[in-house]
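Engineer: Got a predicted structure here, sequence first:
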There are 2 protein chains.
Amino acid sequence: STSRVSAMNGVPQRGKLLTLDNMNPKVKRVEYAVRGPIVQRAVQIEKELREGVKKPFTEVIKANIGDAHAMGQKPITFLRQVLALCSYPELLKDNQFPEDAKKRAQRILEACGGHSIGAYSASQGIECIRHDVAHFIEKRDGGIPSNPDNIYLSTGASDAIVTILKLLVSGEGRDRTGVMISIPQYPLYSAALAELDAVQISYYLDEDKCWSLDVKELRRALYAARQHCNPRVLCIINPGNPTGQVQSRQCIEDVIRFAKEENLFLMADEVYQDNVYAEGCQFHSFKKVLFEMGPEYSSKVEMASFHSTSKCYMGECGFRGGYMEVINMDPEVKAQLTKLVSVRLCPPVPGQALLDLVVNPPQPDEPSYATFMKERTAVLAALAEKAKLTEQIFNTVPGITCNPVQGAMYTFPRISLPQKAIDKAKEEGQVPDMFYCMKLLEEEGICLVPGSGFGQREGTFHFRMTILPPTEKLKLVLKKIKDFHLRFTKEFS
Amino acid sequence: STSRVSAMNGVPQRGKLLTLDNMNPKVKRVEYAVRGPIVQRAVQIEKELREGVKKPFTEVIKANIGDAHAMGQKPITFLRQVLALCSYPELLKDNQFPEDAKKRAQRILEACGGHSIGAYSASQGIECIRHDVAHFIEKRDGGIPSNPDNIYLSTGASDAIVTILKLLVSGEGRDRTGVMISIPQYPLYSAALAELDAVQISYYLDEDKCWSLDVKELRRALYAARQHCNPRVLCIINPGNPTGQVQSRQCIEDVIRFAKEENLFLMADEVYQDNVYAEGCQFHSFKKVLFEMGPEYSSKVEMASFHSTSKCYMGECGFRGGYMEVINMDPEVKAQLTKLVSVRLCPPVPGQALLDLVVNPPQPDEPSYATFMKERTAVLAALAEKAKLTEQIFNTVPGITCNPVQGAMYTFPRISLPQKAIDKAKEEGQVPDMFYCMKLLEEEGICLVPGSGFGQREGTFHFRMTILPPTEKLKLVLKKIKDFHLRFTKEFS
């Protein structure tokens, strides 16, 4: 089908050179539901609304992604003041900016080539920012040392996660690297594994126990996988995305012990570390628990942990800031890592600057402290309220079961779908929860991500919804979903 | 070697899990000289200087990379004003900012989720910025239409280049995708090909004809490669990096005809499109020439062209802004491309904002126009002067031959090395031009990149130096290199 004779000039001509048939098959296997077909349809509907097409709603609410500012959350003043000062240093002469903002900006600029955030930085990130990150980690982890040489700044956490996976992937056939990821998972992981041609090893979180992780399930998944690949990596997302659970200290210890026993490289995705709402829950970093388990562990277990400027109280997704800390990495491998990141030159410098402010926020004796704390506290308090609200309202709907949103920014409720709806979906060639979400989008203008995009136990159905909309809008969203769910259930019963 | 019995507790323990032996072999093969060992040594020397170690120089001059701001070039006022306004919209109330800067900032903010550059954008880039890019291309190319749907914003040009290569790579053994790249080349290409396990097909630029490209050489390289792989892609860098040549219109036509005849996907790296200095030279975009060749070409040849905010007159490397335009891409493949870029969510939004200003600069009737033009012209005029100066001074040195720097930001002079130096280098396990550059760094504090990092004809030696240092410093650098070269030649004769 790629070669045909043109009627025009009699010489052989080709169709497209690059086609679905001959393109990279690994790329074809990539799936990323968070921005998949449902979001494309949502964008289309928005366009239709603008063009005057009548719909049963007046706006599309995109609850498919953890995008705080898009949901109306205001940027933290201090962060943006410093960024403005870094962008246009003439403003340093301006009296309207507080002294601590100016000091931070000057310090960042002094660390930049030519005192400009327009210069490339070191590929690993600006040195003084890596020091600030290490200091932040030390403080967070009660004094456990962090070495700035082990910090790599990145383009969001996604970039760092894929980079570490790249290092770890090797082998063919039965020797292919296997990577353990939770189900449900954040689909960056499955997408990266498809692209890198690594084997995905799925371990299931326990929905009945608030999406907690059981080491027995890890062991089951691992031992089964050893039959057909070489499992080398264990990925953990804590607090959980899309499931919102917060791991107990005990659970983290068990995971670390398991990783050590089974010789697994640990990847700890901790981008929601400030997003913990439920009473009795607390964020424990894998690094801290690892070191508290004693030198037998802290000197042995190889690990990378990831953080980002996109979540927590700041929600600065657009800046694509982030870092990782690598622990116990072989120095020769670390040299390879440094080489690998140098090919892309450097992470965006405005994102690095932003990260610096996140790890080194205003201190009590500084002029911006009060406002900063007020803004930060307000965001986190509102999120805590919305987490509770979401759980409560969903659990009043027959056919929706919702675990507590202990942390992160999402709820992943389970939905019962009538058999007729399941059959109808299959008839239309759709997975049932995609059918459900698509219908919700068309009828109510609410964009969610079907559970199938994250993985779920066979025969169960879910969706992921972010809790980020402002409280009043969130209430509206929850009501609309409730009404829709009842209508949907009735329609297909 | 990865398993041993611990004396401590009698159970088998391992060395490192992740080692040079078992890591991803493709990553190990990656090389990127622009930030390689010589730059690491330069950073080390800078540290030693700060610690008071005595050297024959007081500062390291890093002429290894095209990093304009690091070399003292000042940011363009208008760009930074708008970025500050986007970062901290409170400043929109401020009288010190010109109205056109405010208008631009408002327009960008209105196109952002929640009117914040902290929101994720569409993965392909903010829609109104893609429209501005398309409009910019149309204007640049004399009215040839550009479709915003074919524009993908990116994290610098590197990101887009690797993304397109990812789509194109497939096959195994003799079916592996072959990618034609110039020698000398910018090592992003060879690095990406190593990582993607594609076959590098080297075609040589003609140093004797000012690094021009001859289609005969393309054909030679292609036909030889067909014996052992499946050549599908032809990469061109124009203006050239590291070689600084500017392709003639005729040459571009020949290349396009060749690509069509031989069924090659064209990748046109045009990030230096504003950096043309030599009299009689002019930038011709591949897109424009393609369309001027008539529908037989313009409807057939599949192509991607790349641009960036890092070079030209603005030199804003740290923002990692860029775009690509894809032409004649199969719609199904384009859908795969859109899916692939969505996994990384979006390019950094401040970089997108910056790109918008670059493609939509102040117009003659706007208040910022005069200053903008003055600054832009000054940068480009200084570069033109430095391009000439560099060529002239190098050509006064016996043993250094330097082609005119027609465009881009680099010179790639040829250096004669005495046999004794070559022998000495081999003795020390170094390639000869690395030995030369290392010695230059240690003795004069000047950091260049050895020609071997870009590729060169066997038996020839070169280095790449950026022409970006301020004129007086550039003169000093040239003098130091001259003195060093004479001393080096004498020492090893």
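Structural biologist: Happy to help now that I have it. Numbering: from 1, shown residues only, chains lettered A, B, ... in the order given.
Engineer: Walk me through the domains of chain A.
Structural biologist: Chain A breaks down into these domains under automatic domain parsing: A:26-72+A:372-491, A:120-359.
Engineer: What I need now is the ones you listed written out in TSV, including mean pLDDT, mean neighbour count and distance to chain B for each item.
Structural biologist: C-beta here means a position set from N, CA and C on the backbone, and glycine is covered the same way. Output for the domains of chain A, formatted as TSV (pLDDT from 0 to 100; neighbours: other CB atoms under 10 Å in any protein chain shown; distance: least, CB to the nearest CB, whole Å):
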stretch	mean pLDDT	mean neighbour count	distance to chain B
domain A:26-72+A:372-491	94	19	3
domain A:120-359	96	21	3
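Engineer: Distance to residue B:198 added to these, as a markdown table?
Structural biologist: Shown next, in a markdown table, are the domains of chain A (distance: least, CB to CB, whole Å):
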| stretch | distance to residue B:198 |
| --- | --- |
| domain A:26-72+A:372-491 | 12 |
| domain A:120-359 | 14 |
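Engineer: what about stretch A:425-440, start to end distance?
Structural biologist: 14 Å (CA to CA, to the nearest Å).
Engineer: Mind listing residues that contact it?
Structural biologist: Residues from elsewhere that reach stretch A:425-440, judged by CB atoms under 8 Å, 6 or more residues apart in numbering or on different chains: A:37-38, A:41, A:415, A:417, A:421-422, A:424, A:446-452, A:461-463, A:481, A:484, A:488.
Engineer: 7 Å instead, please
Structural biologist: Where contact means CB atoms under 7 Å, 6 or more residues apart in numbering or on different chains, the residues beyond stretch A:425-440 that reach it are A:38, A:41, A:415, A:417, A:421-422, A:424, A:446, A:448, A:450-452, A:461-463, A:481, A:484, A:488.
Engineer: quick one, what contacts residue A:159?
Structural biologist: residue A:322.
Engineer: Tell me how far residue A:106 lies from residue A:112.
Structural biologist: Per CB to CB, to the nearest Å, residue A:106 is found 11 Å from residue A:112.
Engineer: got any residues that touch both of the two?
Structural biologist: By CB under 7 Å, 6+ apart, no residue touches both residue A:106 and residue A:112.
Engineer: neighbours of the residue lying closest to residue A:96 once chain neighbours are set aside, just the number please.
Structural biologist: Leaving aside its sequence neighbours, residue A:96 sits nearest to residue B:94 (CB to CB, 6 or more residues apart in numbering or on different chains; 7.8 Å). For residue B:94, the neighbour count with other CB atoms under 10 Å in any protein chain shown is 14.
Engineer: tell me the phi and psi of residue B:94?
Structural biologist: As for residue B:94, its main-chain torsions (degrees, to the nearest 10) stand at phi -90, psi 130.
Engineer: Looking at it now. What's its pLDDT?
Structural biologist: Residue B:94 is assigned a pLDDT of 87 by the prediction.
Engineer: show me where the stretch 251-400 of chain A has strands.
Structural biologist: With DSSP state E, counting those that start in this stretch as the criterion, the stretch 251-400 of chain A has strands at A:265-269, A:303-308, A:321-327, A:400-401.
Engineer: which residues are contacting the second one?
Structural biologist: Pointing back at strand A:303-308 there. Outside strand A:303-308, the residues within contact range by CB under 7 Å, 6+ apart are A:156-157, A:160-161, A:164, A:266-271, A:273, A:285-287, A:290, A:321-328.
Engineer: Give the pairing partners of it; include direction for each.
Structural biologist: Here strand A:303-308 has these sheet partners by DSSP bridges: strand A:265-269 (parallel), strand A:321-327 (antiparallel).
Engineer: of all those strands, which lies closest to residue B:358?
Structural biologist: Nearest of those to residue B:358, taken as CB to CB: strand A:321-327 at 22.4 Å.
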